[in-house]
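**Q** Pasting a predicted model and its sequence here:
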Amino acid sequence: MGFAGMALSETDGNLFLSVEPVPGREPVTVQALHDWLVQEGFGACQLDIGALERAAGESANAPARFSVLVGRRIDAVLSVHVALDAMSATLSIRPAQGGKPAELGDALRALTLAGVVAGIDEAAVHQVVAAEDGEAMVVARGAVPEDGQDAQFEELIPATPDRTPKLDENGLIDYREHDGIVMVHTGALLMRRTPATPGVAGYTVRGDVLAARPGVDEPFSAQLAGAQISPEDANLLLASISGQPVRVHGGVIVEPVLRLAEINMATGNIHYEGTVHVEGDIGQDMKVEAGGDILVGGLVDGGLLQAGGNIEVAGGVIAHARLHAQGSIAARFAEASQLHAGTVIAIHDMAMECELQSLNQILVGTGSPRRGRLMGGRATAMMLIRTPLLGSPTGGVTQIVLGANHALEARYRDLLARLEKEHAAQESLRKLIAQLTASGDPRGVLGRAQASLDHAGSVHAQTQAERDEVEQQLALSRDAMLDVGVAVVGAVDLSFGRVNMPLRRELRAGSFRLDAQGVLIYTDGSGYAVPVLP
């Protein structure tokens, strides 16, 4: 195909149509010119239809030779877009029009020029180049840093009682009774420690490093009586004596166990560093002091029991007995006695004319949900007091105090003071390190100073975690509740923080708590809530 007096030429990728005047030349259409260009191999070029229309219109009557730019070769155009956070980059290619198509090397150079140097997916780049359809595709991704894991402690004796009870989302300690005593022998495997990990740094597609937070490392506690670190494995804890394993913060201790048939004038008072297991009764005026748990198979008939762990009494507690436990206290019933627990008091049947004080909760009627009763005396807990029946129609006033924990408030003040001292110590170490770095370290102190700072940071992080936990407990105390499963009968005085309310009428099963405005609210079993009035 060709036309008289017309010729095509190409210069630097530009396509020109030259037209000479030819008398009697038949009219030329735009379509005919387009078909001619395609036939000559210029169909893929960017053709200017407007220029073709002018050439066709002017060719019939042109008085002199003229030339028209009717098309050009366009190379492929590569576009790279980097996300604002530099965590991904996309590549798109505008297809070539008769020009040079994109190649893999062109795409990689475009990424480099855009500053994309990390996380490049060459398979995705190949796919974009092969498709060349103009659609953007992610071809590079950064990596989010993976924070390190804190040190982990794995108990190797599953039934080990825990002296560091955990709070649930409601601020309550999960109370569970333990049957008997778990025993281990010398050399038994107690716990495995997994050290903290440093984490894995991330990066952006521009190659910037994103630092990971290292895990908080924590060694085995320095004072673990009855246990020792394995000489073959610094992360393995072994029993160094035979006794009862007990979980504590940062490890497991092993307490020796003293077993007695009963405690009376014949045995005398007992002072023991470990756990005391009494199969029978504890008699009047007898004293038992144990660094661990005290387990009584019979009755506590007066006397004084002091335990660094828990106290469990299979029988009752009577006759002005005094029980003090840093952990929990559990008994079948209690009458005219004092029970002070660091966590939970759990009474199977009833408590009569007792002084009950627990830093978390008091549970009465755990084994008698319809007949259990809390009557007379005084019961004080931070989070929860639960009983089927509260008060007595013939007895004296029963006093209930909730939401108060002076020991926890004192601990919080101590933690704040400790944090302030730890912060000051860290600042001093940082200044020393900066001074040694700037002026030199002829005595080799810098390494020790940095190690001290790292250790101080780990200790500070642990203290902060303790502070956060105490703050959570104090905040949860606003949700303290009295839960009555059957009824309130007789005279009851309620105290929620600074709100004091005497109850002198019977109420059905329900709960008492303060609302957001500090008003004492009673909610019955159907969910109907009303303010409590004198």
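**A** Right, received. Where do you want to start? Note that the structure is predicted; figures quoted are calculated from it, not measured. Numbering: from 1, shown residues only.
**Q** so where's the stretch 201-350 of the chain uncertain?
**A** Scanning the stretch 201-350 of the chain for pLDDT under 70 picks out nothing.
**Q** Could you check how far the closest residue to residue 183 other than its chain neighbours is from residue 319?
**A** Nearest non-adjacent residue to residue 183, counting by C-beta to C-beta, 6 or more residues apart in numbering: residue 244, 6.3 Å away. All C-beta spots, glycine's among them, are computed from the backbone N, C-alpha and C. Computed as C-beta to C-beta, to the nearest Å, the residue 244 to residue 319 distance reads 29 Å.
**Q** For the residue nearest to residue 183, name its beta-bridge partners.
**A** Under DSSP bridges, the beta-bridge partners of residue 244 are residue 255.
**Q** Just the CA trace of stretch 393-400, in CSV.
**A** This file holds the C-alpha atoms of stretch 393-400, laid out as CSV (Å, rounded to 0.1, in the frame of the first residue of the first chain):
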residue,chain,number,x,y,z
PRO,A,393,-32.4,-11.9,113.8
THR,A,394,-31.4,-12.7,117.4
GLY,A,395,-27.7,-11.7,117.4
GLY,A,396,-25.9,-8.5,117.5
VAL,A,397,-24.8,-6.2,114.7
THR,A,398,-22.8,-7.7,111.8
GLN,A,399,-20.2,-5.2,110.5
ILE,A,400,-19.2,-5.3,106.8
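**Q** Correct me if wrong: the residue nearest to residue 183 contacts residue 258.
**A** No. Taking contacts as C-beta atoms under 8 Å, residue 244 lies outside contact range of residue 258: 10.5 Å.
**Q** who's in contact with stretch 398-415?
**A** Contact with stretch 398-415 is made by 359, 374-385, 390-392, 463, 466-467, 470-471, 473-474, 477-478, 480-482, 490-497, 514, as judged by C-beta atoms under 8 Å, 6 or more residues apart in numbering.
**Q** helices and strands of this protein: which one bottoms out on pLDDT?
**A** The weakest-scoring helix or strand in the chain, judged by mean pLDDT, DSSP states H and E, is helix 446-476 (a mean of 84).
**Q** what's it packed up against?
**A** Secondary-structure packing of helix 446-476 (3 or more C-beta pairs under 8 Å, 6 or more residues apart in numbering; DSSP states H and E): helix 406-439.
**Q** Leaving out chain neighbours, which residue sits closest to residue 46?
**A** Of all residues not flanking residue 46 in the chain, residue 97 sits nearest, at 4.3 Å (C-beta to C-beta, 6+ apart).
**Q** How about the one you found: which residues does it bridge to?
**A** residue 74.
**Q** That one: neighbour count?
**A** The number of residues packed near residue 97 is 15, by other C-beta atoms under 10 Å.
**Q** Can you give me the pLDDT of it?
**A** We have a pLDDT of 90 for residue 97.
**Q** what sits against it?
**A** Here residue 97 is in contact with 44-46, 73-74 (C-beta under 8 Å, 6+ apart).
**Q** would you turn those into TSV with neighbour count and distance to residue 413?
**A** Output for the contacts of residue 97, formatted as TSV (neighbours: other C-beta atoms under 10 Å; distance: C-beta to C-beta, whole Å):
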residue	neighbour count	distance to residue 413
44	15	82
45	22	83
46	15	79
73	18	81
74	17	76
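**Q** Return the member of those nearest to residue 369.
**A** Nearest to residue 369 among those: residue 74, at 85.1 Å, using C-beta to C-beta.
**Q** Would you mind confirming that the closest one makes contact with residue 44?
**A** No. With contact defined as C-beta under 8 Å, residue 74 does not count as touching residue 44 (9.5 Å).
**Q** now the strands for the stretch 101-250 of the chain?
**A** Applying DSSP state E, counting those that start in this stretch to the stretch 101-250 of the chain gives strands spanning 137-141, 152-155, 189-194, 202-203, 209-210, 227-229, 236-239, 244-248.
**Q** Can you lay out the ones you listed as CSV showing distance to residue 282?
**A** Converted to CSV, the strands of the stretch 101-250 of the chain look like this (distance: least, C-beta to C-beta, whole Å):
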stretch, distance to residue 282
strand 137-141, 69
strand 152-155, 31
strand 189-194, 31
strand 202-203, 62
strand 209-210, 62
strand 227-229, 29
strand 236-239, 29
strand 244-248, 19
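**Q** Neighbours of residue 441, how many?
**A** By other C-beta under 10 Å, the burial measure for residue 441, its neighbour count, is 13.
**Q** separation between it and residue 448?
**A** For residue 441, the distance to residue 448 - C-beta to C-beta - is 10 Å.
**Q** Tell me which helix or strand comes right after the helix or strand that contains residue 10.
**A** Per DSSP states H and E, residue 10 falls inside strand 6-11. Once strand 6-11 ends, the next helix or strand along the chain (criterion: DSSP H and E) is strand 14-19.
**Q** mean confidence for the helix or strand following that next one?
**A** Later in the chain than strand 14-19, the nearest helix or strand by DSSP H and E is helix 30-37. If you average the pLDDT over helix 30-37, you get 88.
**Q** still on that earlier bit, turn the strands of the stretch 101-250 of the chain into CSV, including mean neighbour count.
**A** As requested, the strands of the stretch 101-250 of the chain are arranged in CSV below (neighbours: other C-beta atoms under 10 Å):
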stretch, mean neighbour count
strand 137-141, 21
strand 152-155, 14
strand 189-194, 19
strand 202-203, 18
strand 209-210, 13
strand 227-229, 20
strand 236-239, 22
strand 244-248, 22
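**Q** quick revisit: show me which residues of the helix or strand that the least confident helix or strand of the chain is followed by are buried.
**A** Using DSSP H and E, the helix or strand that follows helix 446-476 towards the C-terminus is strand 481-488. For strand 481-488, burial by neighbour count (16 or more other C-beta atoms under 10 Å) applies to 481-486, 488.
**Q** List the pairing partners of strand 481-488 within its sheet, with orientation.
**A** Applying DSSP bridges to the sheet, strand 481-488 is found paired with strand 384-390 (parallel), strand 507-514 (antiparallel).
**Q** From the chain's centroid, how far away is whichever helix or strand comes after the first one?
**A** This means strand 384-390. Next along the chain after strand 384-390, taking DSSP H and E as the criterion, comes strand 398-402. With C-alpha atoms, centre = their mean, to the nearest Å as the basis, strand 398-402 stands 35 Å off its chain's centre.
**Q** now strand 398-402: mean pLDDT?
**A** With pLDDT averaged residue by residue, strand 398-402 scores 93.
**Q** Could you tell me the angle between that strand and strand 481-488?
**A** Calculated by axes from the mean of the first three to the mean of the last three C-alpha atoms, to 10 degrees, strand 398-402 forms an angle of 160 degrees with strand 481-488.
**Q** Residue 487 contacts residue 392, doesn't it?
**A** No. Using C-beta under 8 Å, residue 487 is not in contact with residue 392, being 11.4 Å away.
**Q** on that earlier part again, anything in contact with each of residue 74 and residue 44?
**A** Residues touching both residue 74 and residue 44 (C-beta under 8 Å, 6+ apart) are 96-98.
**Q** buried sites along stretch 427-438?
**A** For stretch 427-438, the buried set under the neighbour-count rule, 16+ other C-beta under 10 Å, comprises 429, 432-433, 436.
**Q** I misspoke; the intended subject was stretch 446-462.
**A** Quick answer for stretch 446-462 (16+ other C-beta under 10 Å): 449-450, 452-453, 456-461.
**Q** if I look at residue 334, how far off is residue 340?
**A** Counting by C-beta to C-beta - residue 334 and residue 340 are separated by 12 Å.
**Q** Then residue 520?
**A** Applying C-beta to C-beta, the value for residue 520 to residue 340 is 26 Å.
**Q** Understood, closing this out.
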